[in-house]
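**Student:** quick check, what structure comes out for this input:
(4 chains)
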Number of protein chains: 2
Amino acid sequence: MPMQPIRDMERQKMLVAVDAVVFTVIKGKLSILLIQRKNEPFKGKYAFPGGFVRNEESLEDAAARELYEETGVKDIFLKRFTAYGDVDRDPRGRIITVVFLALIDAEKFHLEAKTDAMAAEWVPLNKATPLAFDHEEILREVLEELRYEIQITNIAAQLLPEKFTLSELQQVYEIVLGMKVDKRNFRKRIKALDILHPLRETRMEGAHRPAQLYTFKDKHYKPLKERIQVFV
Amino acid sequence: MPMQPIRDMERQKMLVAVDAVVFTVIKGKLSILLIQRKNEPFKGKYAFPGGFVRNEESLEDAAARELYEETGVKDIFLKRFTAYGDVDRDPRGRIITVVFLALIDAEKFHLEAKTDAMAAEWVPLNKATPLAFDHEEILREVLEELRYEIQITNIAAQLLPEKFTLSELQQVYEIVLGMKVDKRNFRKRIKALDILHPLRETRMEGAHRPAQLYTFKDKHYKPLKERIQVFV
DNA sequence: CCAAAAGTGTTAGTGATACACCCATGT
DNA sequence: ACATGGGTGTATCACTAACACTTTTGG
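**Tutor:** Numbering: from 1, shown residues only, chains lettered A, B, ... in the order given. This is a model prediction of the structure:
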C-alpha cells in the first residue's frame, strides 16, 4: 500500500514559529536580548526575537535566521528548549512556538539597527517586564533551564571571551545562578572538572596583581561528566 | 494601528503533531507504549502514539486525546518535553512534533484494542527497535530526561500503585536508572525526603515477613526540594 | 525448622564548607 | 606605601558508601 496523503494538511490552521531567548552579562547584570514590538498586538512591549519557520528550513536554522535578521546576532549556539502552544497565546491566531536558549558574550555583537524594523536591545532581567504574549512565562522557564544547564554543561563557554580570568568565570556563575560562591572553593571545583587550559598569558588591568588567563579546552556545547556544584 | 493579518498563514506548509512516550515497568523491565503502524511509511514498525493537533485544543489536550484514542490510556500526567522538526523527519511532509513524557502503572490500564486501528503494546526497551521516523532518537533523549526527572521530582508516584512497599519503590528507581542501590541507603534517602506516608497496613505476600505499605503524600507532579541521589 | 523477603545502624571515607593571609602590580 | 584584585591551604563538618544480621511470615 502506498503512502496515504495527510488529510489534516488542509484542515490544520496553525503556524509554527521559533523564538530565541538569548542571555548575556552586561555590567554585572544578567540581561536578555529583546525586540521592542512596532505593531499590534503588544505594540511597544518587549518580545523575544523570533518568527515563522520556513518550509524548507529546520527549527534550528529558523531560529538562527530570525535572530540574525532581527538583531544582527549570528553564529551562536542555540539550545532547543521546548514548545509553547496554548490556543490563545497569540491573539492573531494559533501559533506554536519552539523556544531556543542561548548564552553569548555581548562584546562580540553590536546591536546596530540595520533596518527600521530592528530595535534590539540588551535588557537587564529586572527591567524585562512586561513582555509580549506568554513571553514572561517562557522566560521564567528558560531561566530555570539556564541555571540547570550552566551546572551540567560547558555552556558558559559561550558567554565568555576566548581568554578570561577565573574571577570573570566565577562572576558569570554567580550572576547566572544569583548567588555568591567562595573563591577558593569555586577554583577547586573548576580545576577538578578539567575543562580549562591555563594560558601562558596574564592580563594586567588596574593596580593589582595580573590575572592568569584561561581558555575552555572545548568551546563546543557538551554535557560535563560532573555537575558544577556552586550552591552555597 | 490595528493588528496586521499574518501573511505566512497561507504559505507555511507544515503540520503540528504530538507524540506521547509512555513508560512503565512490567515484569521488572522498563517498557514503553508503542503502536504498530498499519500504513506506510514505516508500515509494521513501532511508533509512539500521537497525531495531529486540532485547531482548538492545546498541545497537552492533543497528546492526551491521541493517547486515549490509540491506546485507551487516559487521565495520566503528561510532561511536555521538547519539539522535533527536522525537515525530513516524516516522508509524507513537514511535520513538527511536540513530545510528551509519561510514567504510568501498567496495571491500571488494559490495552484492549477497541478499534481496528489500535494495536498498542507494552514493549520492553531492549526490544523497542527499530522504531518509525526519528522515534529512536526521540526515545534516547526522552529516556535521559526521565532519568533526570525521577531524581528531582516525585514523578515516580505516577508509576506506582496507590499503596506500595519500599522494596517496590526501590525496584522502580533501579529499573528506571538502570543501576542497583543499597537497600539501607535507599531507605534513608527516601525517608529524608519526607514524601511518603507510612500506612497502618502491611502486605503479606509469600512466605516472608509482611511489608509495610506506603503512599505518596502528594501524588501530583512536583519538583522535590532535594535531589534523590541514587547513584552508586 | 527452613526459605524468603523485610527491616534496621554503624563505621570509614570522601567531599563540601568555612575561613585569612600573602602576592604582584600601578599610582 | 597603599590600594586593589589575584591567588593559595587546611581543618571541620556533613554526607555518602559499604556492609551483615535479625525479624516475620508461610509452608
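
**Student:** check whether the strand ranked longest in chain A contacts chain B.
**Tutor:** The residue-count maximum for a strand in chain A (DSSP state E) belongs to strand A:15-26. Yes - Strand A:15-26 is in contact with chain B by Cβ under 8 Å from any Cβ of the partner chain, via A:15-16. No exception for glycine: its C-beta is placed from N, CA and C like everyone else's.

**Student:** what residues of that strand count as buried?
**Tutor:** Using 16 or more other Cβ atoms under 10 Å in any protein chain shown as the test for burial, strand A:15-26 gives A:15-25.

**Student:** equivalent analysis for stretch A:164-180, please.
**Tutor:** So, applying 16+ other Cβ under 10 Å, buried residues of stretch A:164-180: A:164-166, A:168-177.

**Student:** what parts of chain A come near DNA strand D?
**Tutor:** With Cβ under 7 Å from any atom of the strand as the criterion, chain A meets DNA strand D at residues A:165-167, A:183-185, A:187-188, A:202, A:206-212.

**Student:** which of those are buried?
**Tutor:** A:165-166, A:211.

**Student:** could you look up the SS state of the closest residue to DNA strand D within chain A?
**Tutor:** Proximity of chain A to DNA strand D (Cβ to the nearest atom of the strand) peaks at A:His208, 2.4 Å away. Taken by DSSP: H, G, I helix; E, B strand; the rest coil, the conformation at A:His208 corresponds to coil.

**Student:** do the same with A:Thr97
**Tutor:** Per three-state DSSP, A:Thr97 ends up strand.

**Student:** my read: it touches A:Ala20, true?
**Tutor:** No - in this structure, A:Thr97 is not within contact of A:Ala20 by Cβ atoms under 8 Å, at 10.4 Å.

**Student:** any residues in contact with both of these two?
**Tutor:** Both A:Thr97 and A:Ala20 are contacted by A:Gly50, under the criterion Cβ atoms under 8 Å, 6 or more residues apart in numbering or on different chains.

**Student:** please, which helix or strand holds A:Tyr214?
**Tutor:** strand A:211-216 (DSSP states H and E).

**Student:** got the CA coordinates for that strand in PDB?
**Tutor:** These are the backbone C-alpha positions of strand A:211-216, laid out as PDB (Å, rounded to 0.1, in the frame of the first residue of the first chain):
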ATOM      1  CA  ALA A 211      45.400  37.600  36.500                       C
ATOM      2  CA  GLN A 212      46.200  34.300  34.900                       C
ATOM      3  CA  LEU A 213      44.200  33.800  31.700                       C
ATOM      4  CA  TYR A 214      42.400  30.600  30.900                       C
ATOM      5  CA  THR A 215      40.500  29.200  27.900                       C
ATOM      6  CA  PHE A 216      38.000  26.400  27.600                       C
END
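
**Student:** tell me where chain A has strands.
**Tutor:** A:15-26, A:29-36, A:46-47, A:50-52, A:79-84, A:95-103, A:120-124, A:196-203, A:211-216.

**Student:** by contact count, what packs against the third one?
**Tutor:** This means strand A:46-47. Packed against strand A:46-47 by the contact rule (3 or more Cβ pairs under 8 Å, 6 or more residues apart in numbering or on different chains; DSSP states H and E) you find strand A:29-36.

**Student:** tell me which residues in the strand it packs on are buried?
**Tutor:** Quick answer for strand A:29-36 (16+ other Cβ under 10 Å): A:30-36.

**Student:** apart from its neighbours in sequence, what residue is nearest the residue nearest the centre of chain A?
**Tutor:** For chain A, the residue nearest the mean C-alpha position is A:Ala102 (2.3 Å; Cα atoms, centre = their mean). In space, and not counting its chain neighbours, A:Ala102 is closest to A:Val22: 4.5 Å by Cβ to Cβ, 6 or more residues apart in numbering or on different chains.

**Student:** I'd say that neighbour and A:Ile76 touch.
**Tutor:** Yes - proximity of A:Val22 to A:Ile76 meets the contact threshold set by Cβ under 8 Å, at 7.5 Å.

**Student:** any shared contact partners between those two?
**Tutor:** A:67, A:102, A:104.

**Student:** quick check: the gap between the last one and B:Ile96.
**Tutor:** This points to A:Ile104. For A:Ile104, the distance to B:Ile96 equals 26 Å [Cβ to Cβ, to the nearest Å].

**Student:** swap in A:Ala156?
**Tutor:** Applying Cβ to Cβ, the value for A:Ala156 to B:Ile96 is 30 Å.

**Student:** quick one: which of the two has more around it?
**Tutor:** B:Ile96 (23 against 19; other Cβ atoms under 10 Å in any protein chain shown).

**Student:** quick check: closest non-adjacent residue to the more buried one.
**Tutor:** B:Gly85 (3.9 Å).

**Student:** the one you found is in contact with A:Glu56, isn't it?
**Tutor:** No - the criterion here is Cβ under 8 Å, and B:Gly85 misses it with A:Glu56 at 12.0 Å.

**Student:** who's more crowded, the two?
**Tutor:** More crowded of B:Gly85 and A:Glu56, by other Cβ under 10 Å: B:Gly85, with 27 against 9.

**Student:** chain center to the longest helix along chain A, what's the gap?
**Tutor:** For chain A, the helix with the greatest residue count under DSSP state H is helix A:135-152. How far helix A:135-152 lies from its chain's middle: 9 Å, per Cα atoms, centre = their mean, to the nearest Å.

**Student:** packing partners for that helix?
**Tutor:** Helix A:135-152 packs on strand A:15-26, strand A:79-84, strand A:95-103, helix A:166-177, going by 3+ Cβ pairs under 8 Å, 6+ apart.
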